[in-house]
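> Please work out how this folds:
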Amino acid sequence: MESRLLDILVCPLCKGRLDFQRQASELVCHADRLAFPVRDGIPVMLEQDARVLDPATEA
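The predicted structure follows:
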């Protein structure tokens, strides 16, 4: 994922910063504990497609 794109993308719920998790191919919002998938290089920023993060395993 391009760093320029990461600089402008924000969480659609809280407008907070997103961290790209390369191994999982996800954009993670730590504030909302959601992980948005990146499919074929395209971020899917829909709440219904996001995965809820387990607080016990979140880094």
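> Go through stretch 26-38 and flag the buried ones.
Residues of stretch 26-38 classed as buried by neighbour count (16 or more other Cβ atoms under 10 Å): Glu26, Leu27, Val28, Cys29, Asp32, Leu34, Ala35, Phe36, Pro37, Val38. The way it works is simple: take the backbone N, C-alpha and C, and place the C-beta from them, glycine included.
> Ignore what I typed, I meant stretch 2-18.
Leu9, Cys11, Leu18.
> And those, which is closest to Asp49?
Comparing the buried residues of stretch 2-18 against Asp49 with Cβ to Cβ places Cys11 closest, at 13.3 Å.
> give the contact list for the closest one.
Shown in contact with Cys11 (Cβ atoms under 8 Å, 6 or more residues apart in numbering): Arg17, Leu18, Cys29, Ala31, Asp32, Leu34, Phe36.
> quick one: which of those is nearest to Glu2?
Out of the contacts of Cys11, the member with the shortest distance to Glu2 (by Cβ to Cβ) is Leu18, at 13.3 Å.
> circling back: present the contacts of Cys11 as TSV; the columns should include pLDDT, secondary structure and distance to Asp54.
Converted to TSV, those look like this (pLDDT from 0 to 100; DSSP: H, G, I helix; E, B strand; the rest coil; distance: Cβ to Cβ, whole Å):
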residue	pLDDT	secondary structure	distance to Asp54
Arg17	94	coil	20
Leu18	95	coil	18
Cys29	96	strand	14
Ala31	95	coil	16
Asp32	95	coil	14
Leu34	97	strand	12
Phe36	97	strand	16
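> could you dump those residues to JSON lines with distance to Asp49?
As requested, the contacts of Cys11 are arranged in JSON lines below (distance: Cβ to Cβ, whole Å):
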{"residue": "Arg17", "distance to Asp49": "19"}
{"residue": "Leu18", "distance to Asp49": "14"}
{"residue": "Cys29", "distance to Asp49": "13"}
{"residue": "Ala31", "distance to Asp49": "18"}
{"residue": "Asp32", "distance to Asp49": "14"}
{"residue": "Leu34", "distance to Asp49": "10"}
{"residue": "Phe36", "distance to Asp49": "7"}
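> That'll do, ta.
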